[in-house]
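Novice: Got a sequence here, can you model it:
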Amino acid sequence: NGDYKSAISNLGSNDSYNKALAQLLNGDASTSLKTVNSSDEAETAIGYYLKAISAARQDKLQDIISNLKSAFSKDGSLKLKASKDREFLKFMENASFTNLVK
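Specialist: Next up, the predicted model:
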């Protein structure tokens with residue numbers, strides 16, 4: 001329902017992908033990154049992809065590139081998703097980004 005603050009509270013103290021996603025959607029990219037890094041999904045394709053989105057929201061190009069490389073190495077289908085993802089719209093003209101998602 002878009003009540004991310006309540007969702008974060010309801011997810012409790014355990015760090016998880018879903019809690020990190022709720023934090024990101026609540027506008028707290030840096031806390032989201034810490035949470036996903038402490039979760040079981042930290043080194044999964046979706047975990048790296050979420051880290052890349054968090055980096056995009058913080059304008060950290062090198063972190064975007066690094067995390068997307070890791071995500072793509074685990075799940076190549078994410079390349080197409082990233083090439084169209086509005087989260088990365090600001091970086092679509094950047095050569096490092098475009099070369100990565102080709």
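
Novice: Check this structure and tell me which residue is nearest its centre.
Specialist: Leu50 (1.7 Å; CA atoms, centre = their mean).

Novice: so which strand or helix has it?
Specialist: helix 45-57 (DSSP states H and E).

Novice: ok, and the closest non-adjacent residue to the residue nearest to the centre of the chain?
Specialist: Val36 (5.3 Å; CB to CB, 6 or more residues apart in numbering). The way it works is simple: take the backbone N, C-alpha and C, and place the C-beta from them, glycine included.

Novice: Okay, the one you found and Phe72: tell me how far apart.
Specialist: Separation of Val36 from Phe72 (CB to CB, to the nearest Å) stands at 17 Å.

Novice: Of these two, which one has the most company?
Specialist: Legend: neighbour count by other CB atoms under 10 Å for Val36 and Phe72, higher for Val36 (29 against 20).

Novice: Pull out the buried positions in the strand or helix carrying that one.
Specialist: Secondary structure from DSSP H and E places Val36 in helix 29-37. Buried residues in helix 29-37, counted by 16 or more other CB atoms under 10 Å: Ala29, Thr31, Ser32, Leu33, Thr35, Val36.

Novice: on that earlier part again, what sits against the residue nearest to the centre of the chain?
Specialist: Under the criterion of CB atoms under 8 Å, 6 or more residues apart in numbering, the neighbours of Leu50 are Tyr17, Ala20, Leu21, Leu24, Ser32, Val36, Glu41.

Novice: same thing but at 7 Å, please
Specialist: Tyr17, Ala20, Leu21, Leu24, Val36 (CB atoms under 7 Å, 6 or more residues apart in numbering).

Novice: What is the nearest of those to Ala95?
Specialist: Leu24 (26.4 Å; CB to CB).

Novice: wait, doesn't that closest one sit right on Ser54?
Specialist: Yes: assessed by CB atoms under 7 Å, Leu24 is found in contact with Ser54 at 5.9 Å.
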